[in-house]
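>>> Model the structure of this input:
(one chain, ligands or ions: 1)
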Amino acid sequence: MDNKLFTPGPLNTKLSVKQAMLHDMGSRDKEFLEIVKEIRAELLIIAGLTPEDGYDSVLMQGSGTFGVESVISTVIPTDGHLLLITNGAYGDRIGQMAKVYGIRTTTLNYRENIVPPVEDAENVLLKDETITHIAIVHCETTTGIFNDIEGIGLLAKKYGKVFIVDAMSSFGAVPIDMKALGIDFLVSSSNKCIEGVPGFSFVIAKIKTLETCIGQARTVSLDLYSQWIDLKKNNQFRFTPPIQSILAFRKAIDELKAEGGILKRSERYQQNYQRLIEGTEALGLRTYLNKEDQGYIITSFLFPEHLNFDFTRFYESLHQRGQVIYQGKLSDTNCFRIGNIGQLYLQDIENLLIAIKEVLEEM
Ligand SMILES: *Cc1c(COP(=O)(O)O)cnc(C)c1O
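Got it, this is the predicted structure:
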């Protein structure tokens, strides 16, 4: 039996998803290209889009970060100006990318337990007309906070800015109305809420905006525009595709549909989250975020104040019981994280709670 992964990904996947990988296939096989085509169409459906809405999906080799980097390094021109809104490590990572590519950036930086207020962003836009792009993380997995992409999206629309959303850990489990929010580029990956295995990321892009990105890429391999052109032409990747990961993803989409789609998956994750919160509260654990800002994807817990609490021992003892939690990533507070996504059900949360109780009592 594999361990239960209460992490932000890679996650536990269905047996059928793993079994879907037991094939060899050439990257130019008709069968494979048909699967890529299906996945690209299905992603738009999962995003709530129809072909008339003017969006397309681009698969990109590599983990989620590669997808974000393909967007940042391709869609912001040399004379562009990025407004980055960040309250965690994944937002900061976008800042790091912008720096490496020499992209002019204005950063609104918040503490990790603050939802960035829309007014602040509006003030920046009012003062500085040179801003061309806005980027934000939806579920900032550092803490599990849900950022206000509705508010920021409407702002981007109102001021005519290109809007980039890292929805890595929310896409597929939190409904996002891309059209209403005017999202130009949304990024997620194969091994988060769609419950596939690692291997690639994907970008859902507004075609009108993507079309303007010709010749802007600063790298060859992460050139989002060229990747799109080739996929659009014949569903081929420019370089070796992660075949088995794509086969698994095709199956993972079937499983998402069989579960009842995004809303049903969202319900399951929310049930996991509710039980986790009740159970951990009963054990005296406290969450880092205020409840109203906390999403249902992953939760940060403060270290218990007991003198005997030792995170390494806590982690190891849980691990010995087959329960894998996640370390914290906060800049100034000791936390650990527990995710509810992937193939996890109420019984798994119960088992984790029992294990946590045992380990805390031991300590
Ligand atoms: C997981 C994640 C990423 C990408 O991380 P990888 O390790 O590259 O897969 C980016 N942003 C957010 C918000 C994430 O949760």
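>>> CA atoms for contacts and neighbours, from now on please.
OK.
>>> For the protein, just list every one of the helices.
Secondary structure of the chain (DSSP state H): helices located at 15-19, 30-46, 64-75, 89-100, 118-127, 149-159, 178-181, 207-210, 224-234, 243-259, 261-282, 311-320, 346-362.
>>> Could I get those in a markdown table, plus columns for mean neighbour count?
Converted to a markdown table, these look like this (neighbours: other Cα atoms under 10 Å):
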| stretch | mean neighbour count |
| --- | --- |
| helix 15-19 | 15 |
| helix 30-46 | 17 |
| helix 64-75 | 25 |
| helix 89-100 | 17 |
| helix 118-127 | 14 |
| helix 149-159 | 20 |
| helix 178-181 | 17 |
| helix 207-210 | 16 |
| helix 224-234 | 19 |
| helix 243-259 | 20 |
| helix 261-282 | 18 |
| helix 311-320 | 15 |
| helix 346-362 | 16 |
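>>> of all these, which lies closest to Gly54?
Gly54 lies closest, by Cα to Cα, to one member of the helices of the chain: helix 207-210, at 5.7 Å.
>>> what residues does the closest one touch?
For helix 207-210, the external contacting residues (Cα atoms under 8 Å, 6 or more residues apart in numbering) are 54-56, 75, 162, 184, 225.
>>> Which ones among these lie within strands?
Of the contacts of helix 207-210, the ones assigned to strands by DSSP state E are 55-56, 162.
>>> Of those, which is the nearest to the ligand?
Using Cα to the nearest ligand atom, Val162 comes nearest to the ligand of the ones in strands among the contacts of helix 207-210, at 18.8 Å.
>>> What about the closest one, how many residues nearby?
22 (other Cα atoms under 10 Å).
>>> With respect to Cys335, which of the helices of the chain lies nearest?
helix 311-320 (9.1 Å).
>>> Okay, angle between that closest one and helix 346-362 too, please.
Here the directions of helix 311-320 and helix 346-362 differ by 140 degrees (axes from the mean of the first three to the mean of the last three Cα atoms, to 10 degrees).
>>> just checking, what packs against helix 311-320?
Contacts defined by 3 or more Cα pairs under 8 Å, 6 or more residues apart in numbering; DSSP states H and E place helix 311-320 against helix 346-362.
>>> how about the helix it packs on as CSV, C-alpha atoms only?
Provided in CSV are the C-alpha atoms of helix 346-362 (Å, rounded to 0.1, in the frame of the first residue of the first chain):
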residue,chain,number,x,y,z
LEU,A,346,-13.3,11.0,4.7
GLN,A,347,-12.0,7.7,5.9
ASP,A,348,-8.5,8.8,5.0
ILE,A,349,-9.0,12.0,7.0
GLU,A,350,-10.2,9.9,10.0
ASN,A,351,-7.2,7.7,9.8
LEU,A,352,-4.9,10.7,9.7
LEU,A,353,-6.6,12.3,12.7
ILE,A,354,-6.2,9.1,14.7
ALA,A,355,-2.5,9.0,13.7
ILE,A,356,-2.0,12.6,14.7
LYS,A,357,-3.7,12.0,18.1
GLU,A,358,-1.4,9.0,18.8
VAL,A,359,1.7,10.8,17.8
LEU,A,360,0.9,13.9,19.8
GLU,A,361,0.1,11.8,22.8
GLU,A,362,3.4,10.0,22.4
